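>>> For reference, the sequence and a predicted model appear below.
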Amino acid sequence: MENIEYENLSELINEGQLYLNELKTTLKDIKVPVSSLHPTVVEAIRNIFGDNYLTSEGKGFITYEMYLQSLDIIRSVGNATASEFV
């Protein structure tokens, strides 16, 4: 990995956003299958994303975009919880 010095925080944030966008593009077609043998994961998919992400056999999949959305939800809940203590 290159050793890059950043002049300011804005440049660092912009560079990070470029890497995230590149990662999204690279991983957009990857789907991790989830079988009915993992009912808690299937239930989480149903509750967060809806039945459209599940088959009639109770199987599903997790995409990178779903993973990112889950992180955003966790971050939002964490921020809301933290703001109660401030």
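Yep, it's here. Residues are numbered from 1 along each chain as shown.
>>> what secondary structure does residue 56 sit in?
Following DSSP: H, G, I helix; E, B strand; the rest coil, residue 56 is assigned to coil.
>>> can you tell me how far it sits from residue 36?
11 Å (CB to CB, to the nearest Å). All C-beta atoms are positioned from the backbone trio N, CA, C, and that covers glycine.
>>> Looking at the two, which is more packed in?
residue 36 (13 against 6; other CB atoms under 10 Å).
>>> and the nearest residue to the more buried one once chain neighbours are set aside, what pLDDT?
Here the nearest residue to residue 36 in space, its sequence neighbours aside, is residue 58; by CB to CB, 6 or more residues apart in numbering that works out to 3.9 Å. Model confidence at residue 58, given as pLDDT, is 82.
>>> Residue 58 and residue 34, how far apart?
From residue 58 to residue 34 the distance is 9 Å (CB to CB).
>>> Compare these two (neighbour count), which wins?
The neighbour count for residue 58 versus residue 34, taken as other CB under 10 Å, is higher for residue 34 (19 against 15).
>>> isn't that one right next to residue 59, touching?
Yes - Residue 34 is in contact with residue 59 according to CB atoms under 8 Å; the separation is 6.5 Å.
>>> thinking again about what came up before, could you measure from the residue nearest to residue 36 over to residue 35?
In terms of CB to CB, residue 58 sits 8 Å off from residue 35.
>>> tell me the contacts of residue 54?
42, 45-46, 60 (CB atoms under 8 Å, 6 or more residues apart in numbering).
>>> from those residues, which is closest to residue 20?
residue 45 (23.2 Å; CB to CB).
>>> ok now stretch 12-27, how far from the chain's centre?
14 Å (CA atoms, centre = their mean, to the nearest Å).
>>> now do stretch 53-69
12 Å.
>>> now do stretch 21-33
That offset, for stretch 21-33, works out to 11 Å (CA atoms, centre = their mean).
>>> all strands in this protein, in order from the N-terminus.
Using DSSP state E, the strands of the chain run over 31-34, 60-63.
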